[in-house]
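Enquirer: Have a look at this prediction, sequence included:
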Amino acid sequence: MKAGEKGFTLIELLFAIFIGVMLIGAAYIAMTSGQQTSAGVERKVAAQQDVRAALQVMGLELGMASYNPHYMPAMWHDLPPLGNPVQCRGSGNQEYKGIREATPTAVTVEMDLGESGLVGDERGEIIRYVYDPTSQSLTRETANCNQTRSASAAVHFLGDDPRSKRPRTVRVINKNGEDPAQDIVNGHGTVAVFRYFDGRRPAQELYPDETFDDIPKIRRIDITLAVETDEVDPASKRRKQMIYSTSVLVRNHVF
């Protein structure tokens, strides 16, 4: 340093270091916040894609209920209890056609996709969906003739059991354990994923789990899924919740 020139004082150096640390800290916070926001958006988009894909698949499969291209008589049959083989012969009740179960939380449909005149000889011709509020998930089971029904055949279709400790994109909360006032219910106040309607105008809701004779009258099935993501809303401090729904016309069930 030349004579007469002054350097930085210790206080000035400390102040400069302090300002530098503050700027680096602010940049780090901004970067972290941006990453968290981006991750939150990705989780939300993933959840939306999962639910919409699930609804699309369910809609396509339920919409094919009672598909019988050859108008075969005595083709429809019921699923046996777990541990019993699925029979490929028709049951005594043919009035229900390809909707063998219709409750607010479960539905079983059959269809002759292979056009063989039999139901269940090909995969995907017998499908059962069940909502389990305990595991906050929806399962999908396919059954085939001459194969024994087992609990393991019902795989998680949307959501996952919280007891599994696996990370989940969404939980299905049609039954909302934290706030029962937010439960998704049918016209009788029962927690529901599936609601059933006849062909009248305006359509009247049916309750085939209470009146089994209503199953042949089903012309439309409404599916509603209330889901919760892992992302926490900064304002409410609660996980974000979304509701998706679709209506399915079961045209084949008419014939």
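Expert: Noted; the coordinates are in hand.
Enquirer: Looking at the residue most central in space within the chain now. What's its pLDDT?
Expert: By C-alpha atoms, centre = their mean, the chain has its centre lying nearest to Leu158, at 4.3 Å. Listed pLDDT for Leu158 reads 91.
Enquirer: So what pairs up with it in the strands?
Expert: For Leu158, the beta-bridge partners are Leu138 (DSSP bridges).
Enquirer: List the contacts of it.
Expert: Counting by C-beta atoms under 8 Å, 6 or more residues apart in numbering, Leu158 touches 50-51, 54, 137-138, 170, 172, 225, 227. The C-beta positions use only the backbone N, C-alpha and C, and glycine is treated the same way.
Enquirer: What spatial separation is found between it and Lys217?
Expert: Separation of Leu158 from Lys217 (C-beta to C-beta, to the nearest Å): 28 Å.
Enquirer: May I have the strands that pair with the host helix or strand of Val107, each with its orientation?
Expert: For Val107, the element it lies in under DSSP states H and E is strand 106-110. Here strand 106-110 is paired, per DSSP bridges, with strand 99-102 (antiparallel), strand 126-132 (antiparallel).
Enquirer: Nearest to Glu205, out of these?
Expert: strand 99-102 (12.0 Å; C-beta to C-beta).
Enquirer: how about the helices of the stretch 1-150 of the chain, start to end?
Expert: For the stretch 1-150 of the chain, the helices defined by DSSP state H, counting those that start in this stretch cover 10-63.
Enquirer: returning to what we had before: between the contacts of Leu158, which is closest to Gly120?
Expert: Looking at these and their distance to Gly120, the nearest is Leu138, at 22.1 Å (C-beta to C-beta).
Enquirer: which stretches of this structure aren't confidently modelled?
Expert: Counting by pLDDT under 70, the ranges of the chain that qualify are 1-8, 30, 32-46, 160-168, 232-237.
Enquirer: give me the number of residues near Gln48?
Expert: Look at Gln48: counted by other C-beta atoms under 10 Å, it has 16 neighbours.
Enquirer: so who does it touch?
Expert: Met242.
Enquirer: In its sheet, which strands sit next to the host helix or strand of Tyr244, and in what direction?
Expert: For Tyr244, the host element (DSSP H and E) is strand 239-249. Strands that pair with strand 239-249, judged by DSSP bridges, come out as strand 220-232 (antiparallel).
Enquirer: Tell me the buried residues in the strand it pairs with?
Expert: Neighbour-count burial for strand 220-232 flags 220-231 (criterion: 16 or more other C-beta atoms under 10 Å).
Enquirer: Which of the residues you listed sits closest to Pro80?
Expert: Taking C-beta to C-beta as the measure, Pro80 sits nearest to Ile221 out of the buried residues of strand 220-232, at 23.9 Å.
Enquirer: Among the contacts of Leu158, which one lies nearest to Thr103?
Expert: Nearest to Thr103 among these is Leu138, at 13.6 Å by C-beta to C-beta.
Enquirer: Next, work out how far apart that closest one and Arg219 are.
Expert: Distance, Leu138 to Arg219, using C-beta to C-beta: 23 Å.
Enquirer: okay if I get the buried residues of strand 220-232 as TSV plus distance to Tyr131?
Expert: Putting the buried residues of strand 220-232 into TSV (distance: C-beta to C-beta, whole Å) gives the following:
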residue	distance to Tyr131
Arg220	19
Ile221	14
Asp222	14
Ile223	10
Thr224	10
Leu225	9
Ala226	11
Val227	12
Glu228	14
Thr229	18
Asp230	20
Glu231	23
